[in-house]
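Trainee: coords below, sequence missing:
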């Protein structure tokens, strides 16, 4: 009887672990879809007019280069994250968690999630979109996605520096593999695309740093908060900070302080806003499934499965803007060159090496045989 109970418990643990891995993998896929639709949104409607550098809105003068580069990135990040927050609140309402959400915001873990939003939103997400836009201008938006996926490697290093976490040999090896992959992707990009690619890769690295730091800080908050409540706090806070703080500030720095309401109004009135609704929808599970998967299969393996967006991001940019032709690109539209695809796959291997000790994994598989 005792052996039967032990067997049932082991089977239950195994199913729970497999479900956690499935959540983590799904988070990476959703991140790829979020990236694809966000890239599409910024090539359509009034956004296309802004990035083209000409007059917009019936003859208004062209925006300054600083505004186009930074303020519009903050506006896009804010709209996307705000819609993601609305979707997250709808999920909480469906599960009758709005009361718990209101109570959680006032607690220490809730404030930690707001801090995560400040790091991952106004800093990391805006840097990510600046990188996407720079790479899009160079004709290859997908190239920066694997660079942003370095957040797993950076998180491991920051965990060691800030919290004295273990950094064993297999993690160091995985970090080195990721850096080699990043150098391959970045070097190939610069050779074929020019300085715009270097700018995109630089800001993608800053995004990776921000998300890596967020991952370290989020460890405390997400252990104590239901993942649906956590993502609602994170996304709503990020959207508010980006729209009400960073966007007006960056627009003022670009000499467009008087156009803040006009720019926001034009973005929200454009039919393209529906694409942001879709990108926000996928941004919600991209983060919430990551939180959920980490709690079920472990943070290291969860981050590794999520880090597969190094592949999924360029893949869905190609599908949405090339194969489906929604973005007006030809079917042959390449998000990555063959060498860069190889670099993305090497990056995924490096992320898994950081998360899982290959020697122990092989040893365990041999013992099962």
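Mentor: That came through fine. Predicted model only: the values in this text are computed from it and were never measured.

Trainee: Can you get me a residue count around residue 176?
Mentor: 13 (other Cβ atoms under 10 Å). To be clear about C-beta, it is placed using only N, CA and C from the backbone, and glycine gets the same treatment.

Trainee: Over to residue 55?
Mentor: By other Cβ under 10 Å, the residues close to residue 55 number 12.

Trainee: how much space between it and residue 254?
Mentor: According to Cβ to Cβ, to the nearest Å, residue 55 stands 17 Å off from residue 254.

Trainee: What is the longest helix along the chain packed up against?
Mentor: In the chain, taking DSSP state H as the definition, the longest helix is helix 2-41. Under the contact criterion of 3 or more Cβ pairs under 8 Å, 6 or more residues apart in numbering; DSSP states H and E, helix 2-41 touches helix 72-94, helix 126-137, helix 273-297, helix 299-306, helix 309-318.

Trainee: could those go into a markdown table alongside distance to residue 41 and mean pLDDT?
Mentor: What follows is the helices and strands packed on helix 2-41, written out as a markdown table (distance: least, Cβ to Cβ, whole Å; pLDDT from 0 to 100):
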| stretch | distance to residue 41 | mean pLDDT |
| --- | --- | --- |
| helix 72-94 | 7 | 95 |
| helix 126-137 | 10 | 89 |
| helix 273-297 | 4 | 85 |
| helix 299-306 | 23 | 67 |
| helix 309-318 | 12 | 84 |
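
Trainee: Spatially nearest residue to residue 237, not counting backbone neighbours?
Mentor: residue 117 (3.6 Å; Cβ to Cβ, 6 or more residues apart in numbering).

Trainee: tell me how far the longest helix of the chain is from the chain's mean position?
Mentor: From the chain centre to the centre of helix 2-41 is a distance of 18 Å (Cα atoms, centre = their mean, to the nearest Å).

Trainee: Next, the angle helix 273-297 makes with that helix.
Mentor: 160 degrees (axes from the mean of the first three to the mean of the last three Cα atoms, to 10 degrees).

Trainee: Tell me which helix or strand comes right after helix 2-41.
Mentor: Reading on from helix 2-41 to the C-terminus, the next helix or strand found by DSSP states H and E is helix 45-52.

Trainee: ok, residue 344 - contacts?
Mentor: 145-146, 181, 185, 310-311, 314, 336 (Cβ atoms under 8 Å, 6 or more residues apart in numbering).

Trainee: I misspoke; the intended subject was residue 275.
Mentor: So residue 275 contacts 37, 40-41, 44 (Cβ under 8 Å, 6+ apart).

Trainee: Distance to residue 30 and pLDDT added to these, as a markdown table?
Mentor: Converted to a markdown table, the contacts of residue 275 look like this (distance: Cβ to Cβ, whole Å; pLDDT from 0 to 100):
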| residue | distance to residue 30 | pLDDT |
| --- | --- | --- |
| 37 | 11 | 94 |
| 40 | 16 | 91 |
| 41 | 16 | 92 |
| 44 | 21 | 88 |
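
Trainee: Which of those sits closest to residue 249?
Mentor: Using Cβ to Cβ, residue 41 comes nearest to residue 249 of the contacts of residue 275, at 22.3 Å.

Trainee: picking that back up, tell me if the residue nearest to residue 237 really is in a strand.
Mentor: No - if the criterion is DSSP: H, G, I helix; E, B strand; the rest coil, then residue 117 is helix and not within a strand.

Trainee: these two touch, right, it and residue 241?
Mentor: Yes - if you go by Cβ atoms under 8 Å, residue 117 and residue 241 touch, sitting 6.6 Å apart.

Trainee: who's more crowded, these two?
Mentor: The neighbour comparison of residue 117 against residue 241 (other Cβ under 10 Å) goes to residue 117, with 25 against 21.

Trainee: Who are the contact partners of that one?
Mentor: 233-238, 241.

Trainee: same thing but 6 Å
Mentor: Applying Cβ atoms under 6 Å, 6 or more residues apart in numbering to residue 117 gives the contacts 234, 237-238.

Trainee: Roughly how far does it sit from residue 169?
Mentor: Distance, residue 117 to residue 169, by Cβ to Cβ: 35 Å.
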